[in-house]
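A.B. asks: Return atomic coordinates for the entry below.
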Amino acid sequence: METALISAVMASKASQAQLALAAKFAKMNASSEQSIAQLLEAANQNAQKLANAAAGLGQNIDIQV
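C.D. replies: Model prediction:
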């Protein structure tokens with residue numbers, strides 16, 4: 001009887017650890033998704049600035065070293 005109780009407690013502890021780990025991974029994933037969204041928004045804003053530039057801008061640049 002005692003071994004069944006010990007086994008139940010051990011299984012409970014293992015499931016708590018798994019849930020804590022899963023929660024940590026979910027939190028990490030959410031923060032990385034937010035960072036990716038911010039990066040994409042910044043890239044979109046930069047692309048819009050370039051789209052508003054005059055056509056042919058920068059074609060005749062002479063760079064000599």
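A.B. asks: Where does pLDDT dip in this structure?
C.D. replies: Counting by pLDDT under 70, the chain has low-confidence residues at 1, 50-59, 61.
A.B. asks: Helices of this protein, residue ranges please.
C.D. replies: Ranges of helices within the chain are 2-51, based on DSSP state H.
A.B. asks: Quick check, central residue of it?
C.D. replies: When the chain is reduced to its mean C-alpha position, the nearest residue by Cα atoms, centre = their mean turns out to be Ser32, at 1.5 Å.
A.B. asks: And that residue, how far from Ala20?
C.D. replies: Using Cβ to Cβ, to the nearest Å, we find Ser32 at a distance of 19 Å from Ala20. Quick note: C-beta positions are derived from backbone N, CA and C, even for glycine.
A.B. asks: before we move on, what about Asn44?
C.D. replies: Asn44 sits 37 Å away from Ala20, going by Cβ to Cβ.
A.B. asks: Check Ile36 too.
C.D. replies: According to Cβ to Cβ, Ile36 stands 25 Å off from Ala20.
A.B. asks: try Ser31
C.D. replies: In this structure, Ser31 and Ala20 are separated by 17 Å, where distance is defined by Cβ to Cβ.
A.B. asks: Next, count neighbours for Asn46.
C.D. replies: By the measure other Cβ atoms under 10 Å, the count of residues near Asn46 is 10.
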